[in-house]
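Undergrad: Here is my input; please provide its structure:
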Amino acid sequence: MGLIDTHTHLDFPDFDADRPALLANARALGVQRMVVLGVHQANWQRVWDLVQSDAQLYAAFGLHPVYLDEHQPAHVNELRGWLERLAGHRQVCAVGEFGLDYFLEDLNRERQQALFEAQLTLAAEFELPVLLHVRRSHAAVIATLKRFKLKRAGVIHAFAGSHEEAREYLKLGFKLGLGGAGTWPQAVKLRKTLARLPLEAVVLETDSPDMAPVMYAGQRNSPEHLPMIAEALAEVMGVDAQTLAAASTANACDVFHWPYA
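TA: Residues are numbered from 1 along each chain as shown. Purely as a prediction, here's the structure:
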């Protein structure tokens, strides 16, 4: 089962003790490529150093809304500088993780929106896809994306919206990132939505070390878990696991302009 983990945070300290072994095991299980996402200015260099150590790791750089209080106005300019310096590098695949988070009520929505739009502008300028964090903010995100009309679109990370919201994203050219959340039987509404999604709509992800699937409840999530996540989600979607794996890999290659292999 050839797989691509389109959303990981492998640079996080959670993996410092066993990162090389984890990567080797994930590859042995069929996880061929992994995307590591930056979330604030202080971790971009760590992400890049990690990616440079392994030809099958890929980097995205962004300013995540959850770290809003850490972001400074100068960081948007620094992000532009990173994208300029690394423009065209094969291991830079997207701008992200960024977006809107309306679940955490203490995060200023106006500041979030300004930061969201600044990064969408950079993605358009550098012709890169976006990897978006969207939590209880689908209406605002969809409205903003309709204004920006990105040519390369990207991925709605950890999609947990309705079928109608999924349809809006698909019309805008986005793929929906699916991971551990859909493996939980308690996620009844999400699982009903997943069962209606076309295969060309989805990519697979772990969000490691977070969002563990039900079979690893309470444990550190890992790219090693992606094959079992794929099997569980395939059952929910009513397809064969290999069919879902092949579709998600093809879709990820389409998003990132990678050769399909």
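Undergrad: how many other residues sit next to residue 238?
TA: 10 (other C-beta atoms under 10 Å). All C-beta atoms are positioned from the backbone trio N, CA, C, and that covers glycine.
Undergrad: give the contact list for the closest residue to it other than its chain neighbours.
TA: Leaving aside its chain neighbours, residue 238 sits nearest to residue 195 (6.2 Å; criterion: C-beta to C-beta, 6 or more residues apart in numbering). By C-beta atoms under 8 Å, 6 or more residues apart in numbering, the contact set of residue 195 is 236-238.
Undergrad: Restricting to C-alpha, output whichever helix or strand residue 79 is part of in CSV.
TA: Using DSSP states H and E, residue 79 falls within helix 73-85. Output of helix 73-85 as CSV, limited to C-alpha atoms (Å, rounded to 0.1, in the frame of the first residue of the first chain):
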residue,chain,number,x,y,z
PRO,A,73,4.0,41.5,11.8
ALA,A,74,7.6,41.0,10.6
HIS,A,75,7.1,37.2,10.4
VAL,A,76,5.0,37.6,7.3
ASN,A,77,7.9,39.3,5.6
GLU,A,78,10.2,36.6,7.0
LEU,A,79,7.9,34.0,5.5
ARG,A,80,8.2,35.7,2.1
GLY,A,81,11.9,35.6,2.5
TRP,A,82,11.9,31.9,3.1
LEU,A,83,9.7,31.3,0.1
GLU,A,84,11.9,33.5,-2.1
ARG,A,85,15.1,31.8,-1.0
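Undergrad: how about stretch 89-104: buried residues?
TA: By 16 or more other C-beta atoms under 10 Å, the buried positions in stretch 89-104 come out as 91-102.
Undergrad: In stretch 29-37, which residues are buried?
TA: 31, 33-37.
Undergrad: Same question for stretch 253-261.
TA: 253-256.
Undergrad: Switch these over to CSV; also include secondary structure.
TA: Shown next, in CSV, are the buried residues of stretch 253-261 (DSSP: H, G, I helix; E, B strand; the rest coil):
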residue, secondary structure
253, helix
254, helix
255, helix
256, helix
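Undergrad: quick check, nearest of these to residue 154?
TA: The shortest approach to residue 154 among the buried residues of stretch 253-261 belongs to residue 255, at 6.3 Å (C-beta to C-beta).
Undergrad: pretty sure that closest one contacts residue 176?
TA: No - using C-beta atoms under 8 Å, residue 255 is not in contact with residue 176; the gap is 11.1 Å.
Undergrad: pull the longest strand from the protein.
TA: Ordering each strand of the chain by length in residues (DSSP state E) puts strand 92-101 first.
Undergrad: Pull up the pairing partners for it, direction included.
TA: Strand 92-101 has the following strand partners under DSSP bridges: strand 57-61 (parallel), strand 130-135 (parallel).
Undergrad: relative to helix 73-85, how tilted is it?
TA: 160 degrees (axes from the mean of the first three to the mean of the last three C-alpha atoms, to 10 degrees).
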